[in-house]
Structure formats: C-alpha cells, structure tokens
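1. The sequence and its predicted three-dimensional model are supplied below.
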Amino acid sequence: MSDAPPTLSLAWPSADLPAALGDGDARRDLGRQLPGYLRARRWFGGAARPLREARIERWIPLDRPGATARTCLCVVAAADDDGQTTEHQVVLALGEPRDDGRRAVREGLEDGGCRALLFDLVLRGPGGRGSGLTWSASGSSRPPPTRAPSGRGASSASSRATRRSSSTGARTAAPS
C-alpha cells in the first residue's frame, strides 16, 4: 500500500483543460476523484469530514492569450454527509499524456511556472471570462453579475444562507 497522496487524472486527447471541463463526462470523471484528492490536500479544512461528493461547478482559463489553456481556476463544491456544501477555489493544470492515455491533473500552485503565470496575469493580464466566472487584472475572481429574481416567491441560489470560514475562506451554503 502506498502512502502517496491521491492524484487526479483525465482521459482527454488534447491539452485544452477548459474544453475538458466543458465536457460533462470528463468533468464527472474528475468529480469522482475529487473527494480523496481534496482530503489529502494540506489546505483543505475538512479532512476529517467524510465527503459524499465533489464537483467542479465553474472555471476560468488562466493561460496567456493565444496559448492553449492548460490551467484553470476552478470553483469546486464539496458536499459532506451532513448536507453541508463548501466551495473552494482550486487552480488545476493539465499535464502531458501518460503511457495509459490519461493526462495527469495537478494543483497548479505546486508548479513554479504556473505560479509565475498567475502572478503575471494578475499584474498585467487582460482579464478573462470562463464558465460562470470573470476576472480582471485587479486579481478578483467572482461569478458574473446576474439579474435579481423578480416576482412574488422568486428565489435563487444566492438567496440561501451562507457563512464564511475564517480559517479556509471557504463559503458554506446551508442545505435547502
């Protein structure tokens, strides 16, 4: 038995991570691997909680304009057995194909080149838009603005109660 932390991998033909995340089957494949991966990460505050599921909900490419996007800032929703869902921002980078045809998916902040890219994009980057996220050179990442619901009895996900954990910065949505 190995003590190595769990890794992520993806069966995807190209190095284009946003395209892979846009594919429902590929995104679900990563989602099945995320609970073990998250629990093994030092920064993940809920290591003792059993995770029922995890999924990538939103993402934005972080590579330089004109380059194949191998790196994305992803918002991962992790649900535990008690029905609590927390959101975590994770930078994922897609690697080269392995012998088994799958590509390694690694935490981008563990790579010096990725850290340099992020620093450059935050300071000088043009900003960008992804699947459910926008960002600007000021360094903020947030969901794009949405219209408020109208009419009596209208509700939205943003109207659910949330709390912010001071230790991890994760947002926690109360079960509905």
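-> Looks like it arrived, so ask away. Residues are numbered from 1 along each chain as shown.
2. and L133, how far is that from P61?
-> 10 Å (C-beta to C-beta, to the nearest Å). Backbone N, C-alpha and C define where each C-beta goes, glycine included.
3. To clarify, my last question referred to R70.
-> 9 Å.
4. quick one: common contacting residues for the two?
-> By C-beta atoms under 8 Å, 6 or more residues apart in numbering, R70 and P61 have these common neighbours: L17.
5. Give me the sheet partners of the longest strand anywhere in the chain and which way each runs.
-> Determined from DSSP state E, the single longest strand within the chain is strand 85-97. Paired strands of strand 85-97, with direction, are strand 71-80 (antiparallel), strand 103-107 (antiparallel), strand 171-173 (antiparallel) (DSSP bridges).
6. Which of these sits closest to V91?
-> Among the strands paired with strand 85-97, strand 71-80 comes nearest to V91, with 5.5 Å by C-beta to C-beta.
7. quick check: mean pLDDT across that closest one?
-> Averaging pLDDT along strand 71-80 gives 87.
8. cool, stretch 33-51 as well?
-> Averaging pLDDT along stretch 33-51 gives 78.
9. shouldn't L8 be in contact with G36?
-> No - L8 lies out of contact with G36 (C-beta atoms under 8 Å); the separation is 9.4 Å.
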